[in-house]
Each structure stands twice: as structure tokens, then as C-alpha cells.
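Colleague: Give me a 3D structure for the following:
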Amino acid sequence: MDLSNLIDRLPLPEFPEHFGEQDRNTILLALETAKRQARPYDGDYKAPWLLSEFSDSQWITTNRNREECVNGKWKNAIPIDWNLRLPNGRFLTDSGYERILDLNKRIAFLARTGYLSGMTAPKTWRGFVRTQLQLTRWLVLHEGRFKPEKYGLRLLDQHALESLLTLLAKGGWIVAHHVPQRILSQLYVETFGRDCPQYLLDDPYNLPKDTASMIAEWLSRNHYYARIRCGSNVGKLYLSRKPFADLIGETVEHLRTSLRLNAFLRQFEPDLMSVPCLDDVFRETEKLSHKNKSIKDIVETGVAEGSLDHYCDSLKIILSAHRHLPDLIPDSSQVSIPRARQLAVRFTRQSAHFPFIPINIGLIYLNNAIRFVHVYGAALVDFYLAVESQSQPLASSEKKDSLTKRMAKNFCTESGVSIADILNISGFCGFYRHRDFEAIRSRPTLDDALRVLIGSCIILIAMLKPSREGELTHLHRDCLREKSGGYLMNFSLGKHNASEVHHSADRPIPVITAEAIQLLQKLGAKLSELYGEERKIGSNLFYLPKLDRYRGAMAADASLLHSHLDIFCDYVGLEPDQCGRRWYVRIHEMRKWFLLLLFWSGRYDVLDAVRWIAGHVSVEHVYAYIEREFPGEELPRLEAEYAVERLLALEVRGGHTAADESGLSALYDKVLHHFKVNVLSMVPDSEWSDYVTSLREAGDFVLEPHSIYSKAGDEVVGITVSFVLREMDK
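Modeller: Sure, this is the predicted structure:
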């Protein structure tokens, strides 16, 4: 008997006599809802978010209402390309793979529609589908064992899960797919005419120099190298990833984004070996980023434990589709992902935190951003818009340079000095293939100066109103609100949305942040008018000129904002560290900087304010974030200090606690018992506070903040902090 019939045969509950009609109806509704959610899906695989047909080789899906059809083509949608290259050289859409293709589509549909999980955010869902497809490629890599074209995922057993998760823990999908070994095997045969020795395959990242040199010669003869055409490494030779993708049946995108593969191929890229860290081939910044790692660190450490958990969560969702597709997916009761994770986790590294911007660096960037916005901003925007307004659509850079010089004296700061003289503006637009960073600092073009200003605006918004990357990137031009002499910023919440419904919120911002927003509003409004913009992006706050010599604007995305932050950081020009790295700030780092400094300054008294300004639903969520991201060992010390303050307050009250302070009372009794006294005042403050600190550092108690909700349950009205003592062995 199938699952649907079993669900239909479930008996109705027997209600006690005192249950009223409303209570009975509520329970029956909940029961029917649970039945519907448990029932195998039998719908037609159509949904409002799926803008194309289910059968199409490329899906076009909605993207929080940012998508639009322009000249018959969808823009800013979330696409899914099912025409996936497989390790055997074929494609997922080829004849013979219809069953595994259809299975992938059905799983993706069920996940986005909410039948497998609550994961419906478009970009999160897209990441899940990528994991699906990587799993499919792994099955095809071992198709003699799993026969995915016939059985789908059905032959995925416990041993296979354990093997897969162990490989993922060691280095992600590049390791799971044995990409360096497969490339090396092919290159060795081509170079030396014989199979690659096993000892080289066991450690492909440390090839003997003569072996690497001979392989590099073969690669050169066969045109695997290309010359870098832009950025700080312009003119140097690098290995194009496309020939390697063709060589082993990989996707070009996967090879381009893997640090581990870059570390392997760097053995054959002598032009890029001059720096101690793994350099980005197409780096556009003056220096390496603070996040660049050494090749040794990359190849000798596994993925973060959190990344392994992400893989496990995705696999759980995939296996949960068994009730909908029982013939092609193994029964999750027959395999154990937690057990497989337990075996794999020893190969991971501790999950890395977002880097905490050193306070001195953060303040230097903040001060420079304030100066650029408040002193130079209005004159720069007016100057740029005046040149653009009087330029012909196809005007040459020489004509724009001439126009810039003629108009230079017309735009002054409040000091009365022209902005062109203050910044030594040299023309309109620079040459973007190879930036002269010294020139940008000493004699920037008008376009350079505008980019620095835009970076300054991003700094002032992200540092002074903590935002998620997506929240900031997609701000609308009308996001600024005036209220009671101050300003609020309206934004779409990046989390806590239901299905395809997305919520917005208002949060206070300082005047300098409002000034930055007003500059972006003026710039975007005039540019969209000049360019005759009719697309949705025309209403974005970050409606920015293209990063080249061509007239027009670019749609706001995270990479566009990152580029302007990089230009700003190179303009400020902080000295690099001993490895040649400079701190290029990112939006999530600035969010962390604000939240942790706010918590540091106000401690637990401002915890609910931290929650509110960050856009978290509950204080539990924001405290989990603080625990995860707080640098070093400072948080336990702060918790101990807070415990000391609470114990002092309890002492003043004569040791009397409220009903919800049992943990605090137990901690108080523990301290009294340790010193064999009846009141804390009989012990020197330094002694008992040091003892409390040692208890916290040993994990004998922890703090658990909780939100207090209104009676309706829809509003946080306060917080409480509970003390939880560890149960000691008796």
C-alpha cells in the first residue's frame, strides 16, 4: 500500500467532551495540513516562480521581484542550466540521461516549492541545486557502480555517503571529483608517454621541479597559456581553465572558482609565483587581499566544519525527497548522514569567522569616507553629471577630457576652491586595463574620484547601519525617510521572509549616512534620465556608471560594490602587511565591525538594540552570531564580567532572586559554598570575581539570552539573560 493510501486511512482523533467546536476545528485543520505536507506530491510541476517550462534545458526563475523581461530576454532572474557537462564528456541533457535529469528537476522543484524544506530564498535555493548537480556529476564519475542513468540516486548507500563526505571534508567538490589527479594523469601521459606514478597522484600539489617544468613545456606547445589582459598582473602568462575543462569533462566555472585547483596549477605558472600567497590571476587591486592564503594553507587544510554541515544539510534535503520519488532515491531510514559526518569531521578545520577589521584600520577608512562625502561629495557629483550631460553619447575620451578641463573651475567645495584643484583631477576617464594606482592617488581622473566617492558612500552605509550584502546591494533609490529631525533607511530584509513574500524594515541612520545616500540618489536619478533608463535597475540606489570608457550604467550586484570598495581602499593606500596584503573591506565585515563594537561598548544592556539594528528576529539569533564571530577569547571574559555585575546586584537584594533567575541563584550559592561564607561581602571582590571568571572559562556556566515577546507573540518587548550551570558529576 502506498503512502497516500496509508495517510488517507488514518483515523480521526477522538476529542474529550469539554473540547469546543473551535478547538476541534483547529485540531482538524492542523491534522489535515500535516497530512497534506506528508503526502507524496502529485501536482503538475508548475509554479509562479518558474518562468520557463519544466521541460526546458534552462530554467528561468524569479528573484525577489527583481527579474524583468527586456527585449524578449529575462534579466536579473535566477537561471538554472540543466545542460551540465559530465565527467565522461557527455551532458546531462543528452539521450540516455533522461531519468537522472528529470529526477534532478523534480528535487529542485520540490525544494523551491517548500515540500522538502523551508528553503525558498532564490539564491539559497540556487546553491542547493548546484550541490544537487555536483552530486550527480560524482555519481556519473563512478557510473559503473551507481548506474545513475538507470537507478538515479537509489544505489547511494551508507559506504558511499561516508566516502563522499570524507572527500568533501578534505577539500570540497574539487577533491571529491579528483580533479587535480585527473588533470595530472592526462598531462603526464601526454608529456612522458606513460601512466603517472602513484606517488605523484598521492601528492599532486608538490611535483618535482623538473617534472613540473617538462609538463609546462608541453602545455606551452599545446597553447594552454593565455596572456592576462587587465588588472595588476597584466601581461603575465596564466593557464586558461577552458582546455582543462575540456580535457577531463569539468565545468569551466567550477575550475575557475577553486582555490585548491589554482594552487595545483600554480606549479606551471612561473609568472605568478613571485608572491608568498596564492595571487588572484585577474586581481584588480594594487595589493593582495587580507584574505589571500598561502598555497600550503590551502592544500593542507580541509574545508571549514560549517561547509561540511552545509553539504550534510543539502544531502538531507535530497534524501528527504524519497517519499515523493521512492523508486529513485534511497530511503533515508536506511542511511545515516550524521554517522557519515562523524567520520568525516576529523578532516575539517574549525569554521573560520568573518575577519574582524582592526579598529585602527576601520577608523582610518571611516574618517576618509566621511571627508570624501562631506567635503568633496556634492561638488564631485555635480561636476561628473555636468560633464556627462554635455557629452555626446559616443564622445571620445579625448573630448571628455577636454570638456572636463574646461569645466574644472565651475565646481567648488564650501571652501571656495575647485574640486579639480583640491584633488588634482587630470581628465575624465582613465585606462582600466592597467590602473596606475599612484596616479589615482595623486592625479585622479574625474571618473576615478567618483569611484572613490561611491566607495566612501558604501563605507558610510555599511559601517554605520549594519547590513547584509543583499540588503545593501538592492536598496531602492527612495530608501531614505525623514522622521523627527532624523533619518531612517528602508531596506528589504535579507532573511526571515516567508516563501516568495519579502518584508522590509526601517532603521535609524546618522546624518552622514543620509548625506551619502542623498549623493547616490542625485547621481542615479540624473544618470537614469540621461541614459533613458526604463529597466527596473533604474530605480536602484546603486545605479552606477559602467566601469569602462563606455557610456551607460550597470545593474547593482555585490561584485560591483566590491570593485568600488577596492578602489576606495587603494586610494587610501594603507601599508600592506609582511606578506604584501592590504585590508580590502567587505560589507559583511563592516556589519560585524559595527555589531561587535556596539556590543563591546554597551555589553548586555544593548543586546536587544544589537538584535534590532541588525534585523534579527530574536536575541538568541544575534547572540549566536556574536558567539560565533567574536574575536579571540574575549566573549567568555565579558560574560564573566556580566555575571559579576548580576551577582553584585543579587547581593544587594539580600540574595533574593525572581522565579526566572534560578540559574543566577545557583551560581550565587556555588560561589558562597566555594568560599564557605554566607555573603559575598566577606570575600575580597577580586578573589570571588576571579573565581567567577575561572568558572566561565572552564564552561561551568554559560549565558543564554532570550527574547521576551508581547502577548500576541508578534513583537519583541525585551530580553532576559539566563544563567545555565553545567551539571557536575557526582
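
Colleague: need the contact list for the closest residue to Tyr115 other than its chain neighbours.
Modeller: With sequence-adjacent residues excluded and distances taken as Cβ to Cβ, 6 or more residues apart in numbering, Tyr115 is closest to Tyr41, at 5.5 Å. C-betas here are computed from N, CA, C, even on glycine. For Tyr41, the contact set (Cβ atoms under 8 Å, 6 or more residues apart in numbering) comprises 110, 115, 324.

Colleague: Pretty sure Tyr41 sits in a strand.
Modeller: No: looking at Tyr41 with DSSP: H, G, I helix; E, B strand; the rest coil, it is coil, so not inside a strand.

Colleague: Can you read off the pLDDT for it?
Modeller: Reading off the confidence values, Tyr41 has pLDDT 85.

Colleague: Over to Gly114?
Modeller: In this prediction, Gly114 carries a pLDDT score of 88.

Colleague: Which of the contacts of Tyr41 fall within strands?
Modeller: Among the contacts of Tyr41, no residue falls in strands (DSSP state E).

Colleague: Asp210: which of those is nearest?
Modeller: Relative to Asp210, the closest of these is Leu110; by Cβ to Cβ it sits at 53.6 Å.

Colleague: how far away is the closest one from Gly193?
Modeller: 50 Å (Cβ to Cβ, to the nearest Å).

Colleague: Buried residues in stretch 470-480, which are they?
Modeller: Buried positions in stretch 470-480, judged by neighbour count with 16 or more other Cβ atoms under 10 Å: 470-475, 477, 479-480.

Colleague: thinking again about what came up before, make a ChimeraX selection of whichever of the contacts of Tyr41 turn out to be buried.
Modeller: Burial among those is assessed by 16+ other Cβ under 10 Å; the matching ChimeraX selection reads:
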select :110,115,324
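
Colleague: Among the contacts of Tyr41, which ones are in helices?
Modeller: Leu110 (DSSP state H).

Colleague: Now do the contacts for the residue nearest to Leu50 when sequence neighbours are not counted.
Modeller: Leaving out its chain neighbours, the residue that sits closest to Leu50 by Cβ to Cβ, 6+ apart is Thr61, at 5.8 Å. By Cβ under 8 Å, 6+ apart, the contact set of Thr61 is 49-52, 77-80, 112, 122.

Colleague: List phi and psi for Thr61.
Modeller: Dihedral pair for Thr61: phi -130, psi 160, per degrees, to the nearest 10.

Colleague: For it, give its distance to Phe372.
Modeller: Noted for Thr61: a distance of 39 Å to Phe372, by Cβ to Cβ.

Colleague: Also Val702?
Modeller: 44 Å.

Colleague: of these two, who's got more company?
Modeller: Taking neighbours as other Cβ atoms under 10 Å, Val702 and Phe372 compare with Phe372 leading, 26 against 15.

Colleague: quick one, what contacts that one?
Modeller: Residues in contact with Phe372, defined by Cβ under 8 Å, 6+ apart, are 452-453, 456.

Colleague: any idea how this structure splits into domains?
Modeller: Following automatic domain parsing, one gets these domains for the chain: 3-38, 58-155+306-347, 179-302, 359-587, 632-725.

Colleague: of the ones you listed, which approaches Tyr604 most closely?
Modeller: Evaluated over the domains of the chain, closeness to Tyr604 peaks at domain 632-725, with 5.1 Å, by Cβ to Cβ.

Colleague: I'd like the mean pLDDT over the closest one, please.
Modeller: Across domain 632-725, the average pLDDT comes to 80.

Colleague: Centre of the chain to it, how far?
Modeller: In terms of Cα atoms, centre = their mean, to the nearest Å, the centre of domain 632-725 is found 35 Å from the chain centre.

Colleague: what does stretch 135-145 contact?
Modeller: 84, 86-88, 92, 100, 104, 146, 148-149, 153, 155-156, 160, 164, 173, 176-178, 315, 318.

Colleague: now for the domains of the chain, which one comes closest to Asp605?
Modeller: Nearest to Asp605, of all those, is domain 632-725, at 9.4 Å by Cβ to Cβ.

Colleague: Look at the nearest residue to Leu167 once chain neighbours are set aside and report its pLDDT.
Modeller: Spatial nearest neighbour of Leu167, chain neighbours left out: Ala176 (4.0 Å); criterion: Cβ to Cβ, 6+ apart. In this model, Ala176 is scored at 97, pLDDT.
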